[in-house]
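Student: 3D model of this:
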Amino acid sequence: MNARAFKALWGGAVALMLVAGGLSAAEPEAKKAVKLPKPPARTQPLLDKGKQAFTLYCVACHGEKGDGQGPAGMALKPPPRNFAKDAFKQGQSTAEIFLTVSNGVPQTAMVGYGHLPEEDRWGLAYYVGEFIPKKKAAKK
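Tutor: Below is the predicted model:
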């Protein structure tokens, strides 16, 4: 299969997922004030669970390194988020990432994973947070 056929196949599959998932191209609702949930303690077992879920559900679009270079991501418009470089549309705190994982991002191919156990979604939120560059302390 050549690259053009591959992109067309993935584009069709993504379009089907969007239609099946009930996403539309309608204007998004005004951003409502949302009470952020309180994250559980960050533990190594929770982070490991997040890595496992990321590998299963997220790598196809976001890539193993979280750089947005997954094989399915090539056909997506807008492209998948590069967690290390791109701004997070819905916030990058652990609680905000949890809500994004749970609810998805309107007008993108990022569907919600609210069907996953809550612990897995918190693990994903913490694991995705690991890709965000840490701010360097200012030199004196």
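Student: Tell me how many other residues crowd Tyr57.
Tutor: 16 (other Cβ atoms under 10 Å). Backbone N, C-alpha and C define where each C-beta goes, glycine included.
Student: Glu118 now?
Tutor: 12.
Student: same question, Gly73
Tutor: 21.
Student: contacting residues for it?
Tutor: Going by Cβ atoms under 8 Å, 6 or more residues apart in numbering, Gly73 touches Ala60, Cys61, His62, Gly63, Pro79, Pro80.
Student: pretty sure the third one is touching Leu76, no?
Tutor: No. Assessed by Cβ atoms under 8 Å, His62 is found out of contact with Leu76, at 10.4 Å.
Student: what about the two, which has more around it?
Tutor: For His62 versus Leu76, neighbours defined as other Cβ under 10 Å are more numerous around His62 (24 against 18).
Student: how near is the more buried one to Asn82?
Tutor: His62 sits 8 Å away from Asn82, going by Cβ to Cβ, to the nearest Å.
Student: where does the protein have low pLDDT?
Tutor: 1-33, 136-140 (pLDDT under 70).
Student: what about the helices in it?
Tutor: Applying DSSP state H to the chain gives helices spanning 3-20, 44-57, 59-62, 94-103, 118-129.
Student: Show me which of the contacts of Gly73 are buried.
Tutor: Cys61, His62, Gly63, Pro79, Pro80 (16 or more other Cβ atoms under 10 Å).
Student: List the contacts of Val101.
Tutor: Gly112, Tyr113, Leu116, Arg121, Leu124, Ala125, Val128 are the contacts of Val101 under Cβ under 8 Å, 6+ apart.
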